[in-house]
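# Everything below, folded, please.
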Amino acid sequence: PAFSNSKFQEYLAKLEALAERNQAFVRVELAAPLLAKDMIGSLRKAKPDARPALLNVLAPYIDSVQARLDSLEGIRRTIFQFTDSLNSFIGNGKQVVFSLGSGLAILGYDGDALSPQALSSGEKQLLTMFCHIVCVRGRTAIFIIDEPELSLNVKWQRRLVQSLLDCAEGASVQFIMASHSMELLARHRSHVVQLVDQACHEKAS
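Predicted structure coming up:
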């Protein structure tokens, strides 16, 4: 009985931790709310002699919820990385959100949905780039981007490459960029190749 009670308490703690973890999945509609608080309250009131039987039901339930969240973790991480990356750029009270049921939305100060036309040219450019990265996850892809610094302020240029890499983390994606921006290239000098017009170079020499 002592062992069963100890195990019972352990699974109650697991259920509580799972409920907290589940909230992140609920935010993007990958999972339904886990009403663990009421469940735990009822289980704690169970008589000691009933707990071993309850544990036989509770243990496989918790294991199944754990397995479901584990299987969805990659998708959840991708969604959060996508929205977090975009929202680190987009400002002026606007916010990008995503849910499985309603898809991508841009919200304003008051929480009302905005048209993509409400975004600045730089924000539209970022949204397009990040959306393309998410859409090709699961496939091998090469992104060729000509002058990604266009319409982006200096601060955004400095962060762009790393943000794109973060969003593509775990995916088989490579980026080839043509850029004149030292701000964009400075932190990635080891991956920069300077292109020279051979005809002009030979004429000059």
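
# Could I get the pLDDT score of His201?
pLDDT, His201: 57.

# Over to Leu150?
88.

# hang on, isn't it packed against Gln125?
Yes: Leu150 lies in contact with Gln125 (C-beta atoms under 8 Å); the separation is 7.1 Å. Where C-beta positions appear, they are placed from N, C-alpha and C, glycine not excepted.

# So which residues make contact with stretch 128-136?
The contact list for stretch 128-136 (C-beta atoms under 8 Å, 6 or more residues apart in numbering) reads 78, 82, 85-86, 104, 143, 145, 148, 164, 167-168, 171, 173.

# Dump it to PDB, keeping only the CA atoms.
The C-alpha trace of stretch 128-136 is given here as PDB (Å, rounded to 0.1, in the frame of the first residue of the first chain):
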ATOM      1  CA  THR A 128       6.700  36.000 -47.100                       C
ATOM      2  CA  MET A 129      10.200  34.600 -46.400                       C
ATOM      3  CA  PHE A 130       9.200  33.000 -43.100                       C
ATOM      4  CA  CYS A 131       6.000  31.500 -44.600                       C
ATOM      5  CA  HIS A 132       8.000  29.900 -47.400                       C
ATOM      6  CA  ILE A 133      10.400  28.400 -44.900                       C
ATOM      7  CA  VAL A 134       7.600  26.800 -43.000                       C
ATOM      8  CA  CYS A 135       5.900  25.500 -46.100                       C
ATOM      9  CA  VAL A 136       8.900  23.500 -47.300                       C
END
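
# quick revisit: out of Leu150 and Gln125, which sits in the more crowded spot?
Gln125 (20 against 14; other C-beta atoms under 10 Å).

# And the next helix or strand past the longest helix seen in the chain?
Ranked by residue count, the top helix of the chain under DSSP state H comes out as helix 51-89. Following helix 51-89 in sequence order, the next helix or strand is strand 95-99 (DSSP states H and E).

# Give the rounded mean pLDDT of that next one.
On average, strand 95-99 scores 92.

# Stretch 58-66 too?
92.

# Report the buried residues of that stretch.
Leu58, Ile62, Val65 (16 or more other C-beta atoms under 10 Å).

# same check, this time on stretch 124-134
Buried residues in stretch 124-134 (16+ other C-beta under 10 Å): Gln125, Leu126, Leu127, Met129, Phe130, Ile133, Val134.

# part of a helix, is the fifth one?
Yes: the assignment for Phe130 by DSSP: H, G, I helix; E, B strand; the rest coil puts it in a helix.

# Distance of it relative to Ala186?
Between Phe130 and Ala186 the computed distance is 22 Å (C-beta to C-beta, to the nearest Å).

# again with the last one
In this structure, Val134 and Ala186 are separated by 27 Å, where distance is defined by C-beta to C-beta.

# same deal with the second one?
Counting by C-beta to C-beta, the gap between Leu126 and Ala186 amounts to 19 Å.

# cool, the fourth one as well?
Here the criterion is C-beta to C-beta. By it, Met129 lies 20 Å from Ala186.
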